[in-house]
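Novice: return a 3D structure for these sequence lines:
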Amino acid sequence: QVQLVESGGGLVQAGGSLRLSCGASGYRFSLYGVGWFRQAPGKEREFVAAISSSGISTDYADSVKGRFTIDRDNAKKTVYLQMNALKPEDTAIYYCAASRGTSPYTRDYDYWGQGTQVTVSS
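Specialist: Coordinates of the predicted model:
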């Protein structure tokens, strides 16, 4: 059974940092790219960052470039999202998802986690 489990969310003040983790099981982790998406109340789910299966290629939404970093440890079957200089507008539920490629589009992802809440106070 495929599982993606996010952790590391929480409440942080503006300017602070959080590190999200996405643990995977039940599929060939090293063959899949992983993306992070987020969804704020009343808004559509949006792309945040993605990393290729090898970890060589990464992609970021313009809104997080220079502040967020995605990386992965294939031995641990885990992908991380380091979030620095957080802003109130980063408040959302953050989801990780797995895809055979690296894509900013939700339709290209096969497996999804349940999400972790990130709240940034001003």
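Novice: where's the residue nearest the centre of the chain, which helix or strand?
Specialist: The centroid of the chain falls nearest to residue 36 when counting by CA atoms, centre = their mean (2.5 Å). Following DSSP states H and E, the helix or strand that holds residue 36 is strand 33-39.
Novice: check contacts around residue 121.
Specialist: Going by CB atoms under 8 Å, 6 or more residues apart in numbering, residue 121 touches 11, 12, 13, 14, 88. C-beta coordinates here come from the backbone N, C-alpha and C atoms, glycine included.
Novice: just send those residues back as TSV, with secondary structure too.
Specialist: Below are the contacts of residue 121 laid out as TSV (DSSP: H, G, I helix; E, B strand; the rest coil):
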residue	secondary structure
11	strand
12	strand
13	strand
14	coil
88	helix
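Novice: specify which member of those is nearest to residue 81.
Specialist: Using CB to CB, the shortest approach to residue 81 within the contacts of residue 121 belongs to residue 12, at 13.6 Å.
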